[in-house]
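Chemist: Sharing a model prediction with you, sequence too.
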Amino acid sequence: MHEIAILILFPLIASAFIFFIRKDKARNILVRICSIVTIFLTIYVASKYFNKALYLSFNNETIINQILMFIEILVAGYLIFMGIKNKKYIISIFSAVQTFLIIWFELTQSQGIEIKASMVFDKLSLIMVLVVGIIGSLVCLYTVGYMKWYHIHHENYKERKSFFFAVMFVFLAAMFGLVLSNELTWLYFCWELTTLCSFLLIGYTKTQDAIKNSFHALTINLGGGVCFALAIIFIGMKFKTLELSVLIGMKPEVVVLIPVFLLAISALTKSAQMPFSSWLLGAMVAPTPSSALLHSATMVKAGVYLLIRLAPLLGQSSVGQVVTFIGGITFLANSFIAISQSDAKKILAYSTIANLGLIVICASIGTQESLWAAILLIIFHAIAKSLLFLSVGSIEHQLGSRNVEDMDILLKVSRKLSLYIIIGIAGMFLAPFGMLISKWVAMKAFIDSNNILTVIILVYGSAATVFYWTKWMGKLVSNANKKEQVIHTFHIDEETAIFTQAVLVIISCFSFPIISKYALEPYLATLFGSSAVIPIGTSDVNIMLLMLSMFLILPISFFPIYKNDKRRKALTYMAGVNTGDNESFNSAFGKNREVEYSNWYMKDYFKSKKISFWSNTLCITGLCVGVILIVLAGGR
Amino acid sequence: MLILKIIAIIIIAPLAGGIITGIDRVISARLQGRKGPPILQPFFDILKLLEKESIEVNTMHRFFVYVALIFIIFTTVIMLLGGDILLALFVLTLGSIFFVLGGYASNSPYSNVGSERELLQIMAYEPMILLTGIGLYYADKSFFIKDIISSSTPAILFLPGVFLGLIFILPFKLRKSPFDLSMTHHGHQEIVQGIKTEYSGKDLAIIEITEWYETIIIFTLVYIFFATKSPLSHIYAITACVFVFLFEILLDNGIARVKWQSALNSAWLVTGVLGTVNLIVLSLLGR
Amino acid sequence: MNFSKKSPWILHYDGTSCNGCDIEVLACLTPLYDAERFGIVNTGNPKHADILLITGSVNEQNIPVISQLYEQMPEPKVVIAIGICATSGGIFAECYNVVGGVDKVLPVDIYVPGCAARPEAIIDGIVMALGILEEKQKYARK
Amino acid sequence: MSFLSITKILIKNIFHGPYTTLYPIEKKDNYENTRGRIENKISECIFCGICERRCPTVAIKVDKEIHAWSIQRFQCIQCGYCVEVCPKKCLVMNSQYTAPSTGKMRAEYTDA
Amino acid sequence: MGQQKLDIISPNELLDNTMRLKNAGYRLVAISCTFKNGIELTYSFDESFELLNLRLNIDADVEIESISCIYPYAFLYENEIKELFGVNIQNISVDFNNNLYKIAVKTPFNTKEENE
Amino acid sequence: MGNRTVIPFGPQHPVLPEPIHLDLVLEDETVIEAIPQIGYVHRGLEKLVEKKDFQQFTYVAERICGICSFMHGMGYCMSIESIMDVKIPERAEFLRTIWAELSRLQSHLLWMGLLADAFGFESLFMHSWRLREQILDIFELTTGGRVIFSVCEIGGVRKDLNAEMIKKISAVMEQLEKDMVDIANVFLYDESVKHRTKGVGVLSKQAAFELGAVGPMARASGIHMDRRTQGYAAYGKLKFEPIIEIDGDCYARTSVRLREIFQSIDLIKQCIALLPEGDIKVKIKGKPNGEHYTLIEQPRGEVLYYSKANGTNFLDRVRVRTPTFANVPALLETLKGCALADVPILILTIDPCISCTER
Ligand code: NFV
Ligand code: SF4
Ligand code: SF4
Ligand code: SF4
């Protein structure tokens, strides 16, 4: 059995076992073991196939296809049944159509096509496997601790923990499959499996709006799946091949662009870009680990991974222009809307959509620097965002609310947790950290390829990002004195997961030159032929690393200064009427009144409804223009 | 050799900044018909502040001001040594973000409102600052100030719109009317002193020195637009800086403070129009 | 060489005064008298100020405000009572709500007389206060 | 519709130069009406105490036996009522204001 | 300055008199109170420079209806009088209940004894 | 409960010349609710009427407020004179009117400086206060005091104007009128100032009447109310029209006060022209008995002096209802829903004089 196969099958087997163990204790231990094993497995596989790209095909090809087809039919049956039961007929139609198409294609058309490499393991999939493996298993580790108190807090939800763990591991397997497979049918299968997992996880709590949101997410993702199926059939019939690498190798003339456009649309739905972004906001209803794993770190990255694979074709073509346009609008609109949100998870969701928009722009521009930036963005965003989601989950447990306004007492409640979330937020936008470096290179890439509008959009978007992240960090930094607050236990599983991810954020920022030298440059060299070079000058890289090290030394170096500098405590300035405890002042009617602080949400300046309406319409028109262009070009 | 240069910059820049602030206060006084303080008054203020007893509101909020100063010094060194302009601008924003976090950490009503307004100001002038960096790169094909100021033609010829946009947002950075929403030199502000309200003694001195560094950074930015290989252009650059300086003082004494909505709207509108049009024209010229 | 003489920052608080003395304090900043040439800046914030100018007598409600402002000022600090009301309660000494001069609440260093103290008198007072500031600075440094 | 319309005044200020009278050096001359300090030509005073009773802030103390007349300058609001009511017209208000001081000492006048 | 019309009324006629004057377009200038022997409340109204006063002679504990329901801004006058003179005026629209001035001495104006 | 910021806009604030406390409840820098707390300047000087006889009380009356001190003295003297029905000489009436209009002039110039300072226009503050110094110079020349000049007494005035003083007054008036033209055009036509005052704190005519606004606040909303038209002191012999504006926002109040400055300059010129000869005070005999309501026009509006005498040297009651006391409800009304940046401007547009309000 090949290591890659073991890598994909192990989570499946693990999830089967977990599903059948009902007792908490045993199941938790098993989950912990499985996650650790997955991490080692990924590292082992990554190091083994590090320097040689691997093109691998299995001898018992047809048996695997049959198994996949059989599972597809099962899944389709389940979805059609669910669609009818809940009177959401669109779902049944979609899944029926796409499964019928694929089955008809498999049985009748695909005899002649021989597949040279059904699985590919090059540098890009190496990075993706590492991201999925490490972050995925850490999130599963975290879920053990999270689930312990989750049901205590929400008694009304039916307890189905084993089911939850099982679906998580199935999802891991699906992601491994998706990232490694080069054959489009296999890719399609894993694609649909992730949609199923996200549907099951969003609907976990079985409350009214959870179900509504899960169906909403399902409809949009299935729509993407239908486009994917059409693309496969078109490629299969027209070019007699089912391999992604072959498709990428073709010259981007018109007839190739039709399947590429279809694939792009399914990628856009999967990574929740503007016209289809509403499902990701709905998905925030699900328990936090699922949002951390699926809806920020890995699943939504699948769409963007596909776009990066297709980048050489998108580069100069009109499809590329359309996708850039949509990515730009999404990035700008969601950065503005994120300002007026006060629920932590909503802010994270909007920021995810915005950053995905940025990655989409970089991927669809298709120059060597923009791809470099896109891949780096994927890495840094995955690590930092999952750290943020996990810490928000624990904060919700400690403080009992997700509202950013109540987080000003976090420094008093648990100093460690606030440190972790501050590292997470810093990772998202501060200078020496990864996200900003990639934005910098992205900016350089846009300007080099003369798309001025994207530069303007990036500049305005990053101004808005600075605003809402600093606002949140300000809340975390102002250690308001604590009103009597019950201290909840910070579970060991939660802490190890968060701690490792925080360390990962720092290590990734330190190691971005190494990542670029060993992983990015070789991959880009294979893609662009020329010897790729790191877009930032070495002097700047050193300054960046110097600043990052300063970031770590400064807080530590300040403790001795604090110790021997005794200072007199004075009251804060409250225009002279401070009652002495810095919290309240004596006000009119002779009463004492509490001082309250709140951030700016500019609800009437950035009206989220208007912005999302206008940007949705813009993106839809963009898509229609794309379709018309293809049809016109196709007709000639 | 490099170390010597760095130390020289770290010492001379604030002195120059202090003298510029001193001259600014005297000219404003003369504009208002007053005699005005001696030119070295800012230095006396700093030295007095350093001698005063240090009191504090909580232990946390001093830390951010020191870090803000360190990063602002970092920017000045990078810029004056001819380093990468975009990197310098990012670090500059990082410094002002730390300064805002200091406002939050003081946990008092006026410093909280002050840091919200300071954050709004950052959001207002951030696009223009980044566009300046990008524009300069676009004009001279290199991010490094060494190459920009040693190119054959001054950057102003390629980037008139970007330069005008920069002048428009200068009051934000120099904390002068009409955009001195969060902190202003003359005391009568409705939110007292904004972020500075809770700082006193040594920390206040450090905030003043950071502002001096920022003045130097702003004027280097203006300087870059005019400097080229020939030494004559450096004289043009200096006269341009003086003109900008006098224009800013005139603005400070000639216009009322605006509210935050119009500040944000006008800043983004001007950046959008001037910056975009200029860059598009540049790209059409086949730069 | 201490510099508190060269840049005295003042905080002006009007406690129960008929605002005659307040306008004279503000008049010191205007072009005709221009206190800024001595480096005097009217900061509205006790944490930045060295000199506390109190105008007007002190009534019940003002006592906590004045003592809080004084306590928020860093050393070395000087209190100047401006106007007759501040020195001794003036014409309102017998009113039921007036406690009396500022010296009933804070240790006052300089008294500036005059019902509506003249700007020249106020500037004299501040110049005298500089000397006291310098001594307090020397004393504090030991 | 005018912008920066105050520049005319600002330029005039610049060319006119500062309006400040450099106080400690150049003293602004006092008018003869200016209300300054109360002086008492003690020789003519008959110590009748009318001024003591009429003074709104009770700043004057008259002691008939030892012919002492004293005024607390830090309580006198320079209203000039005592000058009006004094039968002997020996009180006069000159135009020099009282200087600030650290203490509140009374000014004593005794007629030998 | 215009002749001073002043008519004495009793407490219970106060409200409808005020309503009549309000409809006639009168403006409430002031509510003054004097403590000689017993409390004397005067409501002065003005319309095109003609002053009209309503005078009530009551003693300390009589209850007066507040007219802030007719003239909304009367609450300031009534709170002041309630605090300084101790006249209990019922349901003032914005009631500071003796916290308008936060004075130390309780109702200082009607302790007449210690004066002479 | 949404996200609210509650901050104290306290007694000690750089932009407030006098102590007044407001609890400001904000949401994103718009004021939801402002609750005032006054009483920081309450001395209770009306009680002094039992300790000071009616002659001495003129000095107390003048020290109610430093800005409008002359008219307090004049109002109190007129009220006592009406009780004792003493007719003061013609020249004293004119002198009182001249000083009254001069003190209105300096009060409006002071207000203009503070308003300019509130919206961040420091050089205008310096400029208007420099002009004001010239008027204080005249006061010092004529009465001896810069801010509080005890020149008004029952039965007339204490100090007289000689020809040289009159020449100086008219010279200063000429010069002031020329300077005022520049400042007026900055306040009324400068774009950035208009941006800060137009449409801010609108008070309709109906609301002004409903909330009992007086003086420039009422006149800016279109209510014809100016006590001077009643012809007290020497106003009967002067020709002038009360200044009315219609739209009732900060801009209208600024233009009302600016035009009133020009009106005062014109009134002073008329007085100087008509100044009759004759003595300046008349001896009063006996003690006042009876009561009287006197209403005159202070810079901030109409003030009411009620004094009640019982035939002894000590009056029974002196009641002063000052204009800002009547304008405070209008302030609270305009504060609702404004932006935080407008709070100082709105407070200043009623030209608050806390020491007048709380006596
Ligand atoms: N309000 C008021 Fe006054 C005026 N004008 C007096 O009556 O300010 Ni000092
Ligand atoms: S000293 Fe005179 S001017 Fe000063 S506050 Fe007292 S009464 Fe007013
Ligand atoms: S009233 Fe005149 S004579 Fe009598 S004691 Fe006073 S100063 Fe002397
Ligand atoms: S001037 Fe007035 S306060 Fe001074 S002593 Fe004479 S009567 Fe008393």
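Modeler: Everything's here; your move. Everything numeric here is computed off the predicted structure, so don't read it as measured data. Ligands and ions are numbered 1, 2, ... in the order given.
Chemist: Contact residues of chain C facing ligand 2?
Modeler: Proximity of chain C to ligand 2, by C-beta under 6 Å from any ligand atom, involves residues C:17-18, C:20-21, C:55-56, C:83-85, C:90, C:115-116. Using the backbone N, CA and C atoms, a C-beta is placed for each residue, glycine as well.
Chemist: before we move on, what about chain F?
Modeler: Residues of chain F lying near ligand 2 (C-beta under 6 Å from any ligand atom): F:63, F:66, F:148.
Chemist: Most neighbours among these, please name it.
Modeler: residue F:63 (29 neighbours; other C-beta atoms under 10 Å in any protein chain shown).
Chemist: ok, back up a step: any chance of the residues of chain F next to ligand 2 in CSV, plus distance to residue E:51 and pLDDT?
Modeler: Putting the residues of chain F next to ligand 2 into CSV (distance: C-beta to C-beta, whole Å; pLDDT from 0 to 100) gives the following:
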residue, distance to residue E:51, pLDDT
F:63, 27, 90
F:66, 29, 90
F:148, 29, 90
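Chemist: what's the closest of the residues of chain C next to ligand 2 to residue A:524?
Modeler: Set against residue A:524, the nearest of those by C-beta to C-beta is residue C:55 (73.4 Å).
Chemist: shouldn't the closest one be in contact with residue C:82?
Modeler: Yes: using C-beta atoms under 8 Å, residue C:55 is in contact with residue C:82, at 4.7 Å.
Chemist: re the thing from before, tell me which of the residues of chain F next to ligand 2 is nearest to residue E:98?
Modeler: residue F:63 (26.8 Å).
Chemist: hmm, back to that, touching both of residue C:55 and residue C:82, which residues are there?
Modeler: Taking C-beta atoms under 8 Å, 6 or more residues apart in numbering or on different chains as the criterion, residue C:55 and residue C:82 both touch C:21, C:25.
Chemist: Looking at the residues of chain C next to ligand 2, which are in strands?
Modeler: Per DSSP state E, strands hold the following members of those: residue C:55.
Chemist: restrict the residues of chain C next to ligand 2 to contacts with ligand 3.
Modeler: Answer for the residues of chain C next to ligand 2 near ligand 3: none qualify (C-beta under 6 Å from any ligand atom).
Chemist: Take the residues of chain C next to ligand 2 and write them to CSV, including neighbour count, distance to residue D:87 and pLDDT.
Modeler: Shown next, in CSV, are those (neighbours: other C-beta atoms under 10 Å in any protein chain shown; distance: C-beta to C-beta, whole Å; pLDDT from 0 to 100):
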residue, neighbour count, distance to residue D:87, pLDDT
C:17, 31, 35, 89
C:18, 35, 32, 89
C:20, 26, 31, 91
C:21, 31, 33, 92
C:55, 31, 36, 92
C:56, 35, 35, 89
C:83, 31, 31, 91
C:84, 33, 26, 91
C:85, 32, 30, 91
C:90, 29, 27, 85
C:115, 27, 25, 87
C:116, 30, 29, 86
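Chemist: Would you mind giving the residues of chain C next to ligand 2 as JSON lines with distance to chain E added?
Modeler: Shown next, in JSON lines, are those (distance: C-beta to the nearest C-beta, whole Å):
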{"residue": "C:17", "distance to chain E": "16"}
{"residue": "C:18", "distance to chain E": "17"}
{"residue": "C:20", "distance to chain E": "21"}
{"residue": "C:21", "distance to chain E": "22"}
{"residue": "C:55", "distance to chain E": "20"}
{"residue": "C:56", "distance to chain E": "16"}
{"residue": "C:83", "distance to chain E": "22"}
{"residue": "C:84", "distance to chain E": "22"}
{"residue": "C:85", "distance to chain E": "18"}
{"residue": "C:90", "distance to chain E": "19"}
{"residue": "C:115", "distance to chain E": "24"}
{"residue": "C:116", "distance to chain E": "25"}
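Chemist: which intervals of chain A have sub-threshold pLDDT?
Modeler: A:1, A:482-487, A:531-532, A:635-636 (pLDDT under 70).
Chemist: Show the residue spans covered by the strands in it.
Modeler: For chain A, applying DSSP E gives strands covering A:54-56, A:119-121, A:568-569, A:584-586, A:592-594.
Chemist: quick revisit: nearest to chain F among the residues of chain C next to ligand 2?
Modeler: Set against chain F, the nearest of the residues of chain C next to ligand 2 by C-beta to the nearest C-beta is residue C:20 (2.6 Å).
Chemist: Quick check on residue F:24: phi, psi?
Modeler: Torsion angles at residue F:24 (phi, psi; degrees, to the nearest 10) stand at phi -100, psi 120.
Chemist: and the closest residue to it other than its chain neighbours, how many neighbours?
Modeler: Sequence neighbours aside, residue F:9 is the residue nearest to residue F:24 in space, at 4.9 Å (criterion: C-beta to C-beta, 6 or more residues apart in numbering or on different chains). Other residues lying near residue F:9 total 25 when counted by other C-beta under 10 Å.
Chemist: Check the one 10 residues further on too.
Modeler: Residue F:19 has 28 neighbours, counted by other C-beta under 10 Å.
Chemist: Residue F:230 too?
Modeler: Neighbours around residue F:230, by other C-beta under 10 Å: 15.
Chemist: Grab the nearest non-local neighbour of it.
Modeler: Closest to residue F:230 by C-beta to C-beta, 6+ apart is residue E:49, at 5.6 Å.
Chemist: Could you report the separation of the one you found from ligand 2?
Modeler: Between residue E:49 and ligand 2 the distance is 32 Å, computed by C-beta to the nearest ligand atom, to the nearest Å.
Chemist: again with residue A:272
Modeler: Computed with C-beta to the nearest ligand atom, the distance linking residue A:272 and ligand 2 is 68 Å.
Chemist: Quick one: residues contacting that residue.
Modeler: Residue A:272 neighbours (C-beta under 8 Å, 6+ apart): A:279-280, A:300, A:303, A:352-353, A:356.
Chemist: and chain D, which of those reach it?
Modeler: Restricting the contacts of residue A:272 to those touching chain D (C-beta under 8 Å from any C-beta of the partner chain) yields no residues.
Chemist: and whatever residue of the stretch 101-250 of chain F ends up closest to ligand 2, helix, strand or coil?
Modeler: Among all residues of the stretch 101-250 of chain F, residue F:148 sits closest to ligand 2, at 5.4 Å; criterion: C-beta to the nearest ligand atom. At residue F:148 the chain is in coil, as set by DSSP: H, G, I helix; E, B strand; the rest coil.
Chemist: For it, grab phi and psi.
Modeler: Main-chain dihedrals, residue F:148, degrees, to the nearest 10: phi -110, psi 120.
Chemist: And for the one 4 residues further on?
Modeler: Backbone torsions for residue F:152, taken as degrees, to the nearest 10, come to phi -100, psi 130.
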